[in-house]
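**Student:** My questions concern the predicted model and sequence given below.
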Amino acid sequence: MKPIFWFILAIIVIGVALNLLTKGKKGEIKEKARVKSTESQSKAYQIEAKELAKYICVKEQAFFAKNGHFTASKDSLQFVMGMSHYKFDIVSATEFGFKAKIYGNIDNDRVVDTWFVDQDGNLEHTIDDAIR
């Protein structure tokens with residue numbers, strides 16, 4: 001056989017071998033990019049939780065100024081909530097303070113991103129769904 005035939009055959013074999021070797025790497029790279037994208041999106045959603053916490057504090061402070069105590073009733077806060085990845089509940093409320101829980105599953109897994117905020121605006125991130 002002619003040398004050109006062997007040369008072309010060798011190039012084809014090398015090309016197939018390289019393709020097989022890099023196929024797994026392409027999958028790894030795509031998976032890493034997907035995970036990074038999901039983490040970035042989750043962190044952006046968490047900004048929404050922080051803003052919701054501020055809004056809850058403002059509404060509770062307004063209720064307190066008018067009534068002399070905080071409320072555990074979301075209806076009493078006249079809370080208008082648009083589209084959100086989070087929900088909230090007022091866990092406790094007295095004449096001295098309140099505690100609200102803000103929660104949402106921001107990346108469709110079994111972990112629920114969970115925050116707590118109080119009358120002083122102290123924000124506690126108890127379960128971080130973005131890192132799980």
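**Tutor:** Structure's in. What do you need?
**Student:** Name the SS class of the spatially closest residue to residue 76 that is not a sequence neighbour, please.
**Tutor:** Once flanking residues are discounted, residue 76 sits nearest to residue 63: 6.3 Å by Cβ to Cβ, 6 or more residues apart in numbering. From N, CA and C alone the C-beta is placed, and that goes for glycine too. Secondary structure state of residue 63, per DSSP: H, G, I helix; E, B strand; the rest coil, is helix.
**Student:** residues contacting residue 63?
**Tutor:** Contact analysis of residue 63 by Cβ atoms under 8 Å, 6 or more residues apart in numbering lists 70, 71, 76, 77.
**Student:** so which of those residues is the most crowded?
**Tutor:** Within those, most neighbours by other Cβ atoms under 10 Å means residue 70, with 23 neighbours.
**Student:** And what about the spatially most central residue of the chain, helix, strand or coil?
**Tutor:** Centroid-nearest residue in the chain, with Cα atoms, centre = their mean: residue 42, separated by 2.6 Å. Secondary structure state of residue 42, per three-state DSSP, is helix.
**Student:** Please report how far the residue lying closest to it once chain neighbours are set aside lies from residue 55.
**Tutor:** Once flanking residues are discounted, residue 42 sits nearest to residue 130: 3.6 Å by Cβ to Cβ, 6+ apart. Residue 130 sits at a distance of 21 Å from residue 55 (criterion: Cβ to Cβ, to the nearest Å).
**Student:** repeat for residue 108
**Tutor:** Residue 108 is 25 Å from residue 55, by Cβ to Cβ.
**Student:** and if you look at residue 40?
**Tutor:** 24 Å.
**Student:** higher neighbour count, these two?
**Tutor:** residue 55 (16 against 11).
**Student:** element containing the more buried one, please.
**Tutor:** helix 3-67 (DSSP states H and E).
**Student:** And the next helix or strand past that helix?
**Tutor:** Assignment by DSSP H and E places the next element after helix 3-67 at strand 87-93.
**Student:** Please compute how far the very next helix or strand once past that following strand lies from its chain's middle.
**Tutor:** Sequence order places strand 98-104 as the next helix or strand after strand 87-93, per DSSP H and E. Distance of strand 98-104 from its chain centroid, counting by Cα atoms, centre = their mean, to the nearest Å, is 16 Å.
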